[in-house]
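*Asks:* Please find the sequence and the predicted model below.
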Amino acid sequence: MTTPPTANHPHSVTLRFLAAPTDAGITGTVAAGTVLEWVDKAAYAAAVGWSANYCVTAYVGNIHFADPIHSGDLVEVTASVVYTGRSSMHIRTEVSFSDPRERKPVTSSTCLVIFVAVDEQGKPTPVPSFTPGTARELELREHALARIEIRERIVASMKNQSYTDAGTAERVVLRFLAAPTDVNWGGKVHGGIVMKWIDEAADLCASRYSGLDTVAVFSGGVRFYRPLHIGDLVEVEARLVYTGTKGMHIAVHVRSGDPKTNQLELTTYCLTVMVARDDSGTAVPVKAWEPVTEEDTRLWHHARELLEIRANAPGGYTPTHLSHEHPTAKASR
């Protein structure tokens, strides 16, 4: 067993680089999935630096994508340990960017990522306890603690749902093999790569429904259940479950398994909110989706429940593109 490091190990890491042309999506700005990949890499670096062990992504909390990042922007991703459990590390990440000629940073997004340290057998292993040393660190620790109950409610709500062919909403399924280029430092698929797949599937689903270009504005409750291996058959299923004034709420499931057996197990689940944009890049309203079947209605109300949980979270809010009017008579039945 690896001996836990002392508290003298650095608890914060900052990655600094230029956004490359290959980071831009079809909309011309950096895709949300790429930002999530950056977030996961920075948080991983902070977790490994603190624990001195290999670490795996367990959960990525709510992340709002605000101002878009463009190719050529100077990007900074700062990840800081703010709270530790026995083997878990709660890491706050902040993504900011600026024109390298002006150096006036703009904060693009923040979120909380949870990593778990594991030993050579892949079992959770203890990490050193983090003790806040400043008023700001104490504030961030309290914020992380306050979100534990909220996260448990979100996970419980998601776990109780089932998705079958009885649903009638827009749905897309992507299937492919996990490639060697998807590998992380532990020989498994990088959590950030999985989140990029989630963004791509959600984007396709939302674009089909709206008939317009779409972009992610929010991802929440990204729960990692088990590792995904190179060579696995991967299935990414995205399904529309709710529409807001401008937002399309897309539930995404990632399943994986041995391609020789075709038996897939749930790997990752999350809810992503996409908005449609016109030719000028302005978010535009989308047609309201109305549930048809019992399953449609159940998932519609599930999305509403998640909205209410998040709105009541510490610092929580419900942007206009996430909300919508009270359900129609059809949706309420």
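*Replies:* Now that the structure is in, tell me what you want to look at.

*Asks:* alpha carbons only for contacts and neighbour counts from here, please
*Replies:* Will do.

*Asks:* Could you measure from the spatially closest residue to Phe176 that is not a sequence neighbour over to Trp197?
*Replies:* Nearest in space to Phe176, with sequence neighbours left out and distances taken as CA to CA, 6 or more residues apart in numbering, is Val234 at 5.4 Å. Using CA to CA, to the nearest Å, Val234 is found at 10 Å from Trp197.

*Asks:* of the two, who's got more company?
*Replies:* A count of neighbours by other CA atoms under 10 Å puts Val234 above the other of Val234 and Trp197, at 26 against 20.

*Asks:* what about the spatially closest residue to Pro180 that is not a sequence neighbour, how many residues close to it?
*Replies:* Nearest non-adjacent residue to Pro180, counting by CA to CA, 6+ apart: Ile230, 5.9 Å away. Neighbour count for Ile230, taken as other CA under 10 Å: 18.

*Asks:* Give me the below-cutoff pLDDT ranges for the chain.
*Replies:* Within the chain, the set of residues satisfying pLDDT under 70 comprises 1-8, 313-333.

*Asks:* tell me the helices in it, going along the chain?
*Replies:* Using DSSP state H, the helices found in the chain span residues 32-51, 135-159, 191-210, 294-311, 329-332.

*Asks:* Make a markdown table out of these and add distance to Gly220.
*Replies:* Shown next, in a markdown table, are the helices of the chain (distance: least, CA to CA, whole Å):
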| stretch | distance to Gly220 |
| --- | --- |
| helix 32-51 | 11 |
| helix 135-159 | 9 |
| helix 191-210 | 11 |
| helix 294-311 | 9 |
| helix 329-332 | 24 |
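
*Asks:* Can you report how many residues lie near the closest residue to Ala32 other than its chain neighbours?
*Replies:* Residue nearest to Ala32 in three dimensions, not counting chain neighbours: Ala216, with 6.0 Å by CA to CA, 6+ apart. By other CA under 10 Å, the residues close to Ala216 number 24.

*Asks:* Likewise for Pro68?
*Replies:* For Pro68, the count of nearby residues is 16 (other CA under 10 Å).

*Asks:* Contacts only, for it.
*Replies:* By CA atoms under 8 Å, 6 or more residues apart in numbering, Pro68 lies in contact with Thr29, Val30, Ser108.

*Asks:* TSV for the residues you listed, including neighbour count?
*Replies:* Supplementary listing: the contacts of Pro68 in TSV, determined by neighbours: other CA atoms under 10 Å:
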residue	neighbour count
Thr29	17
Val30	22
Ser108	21
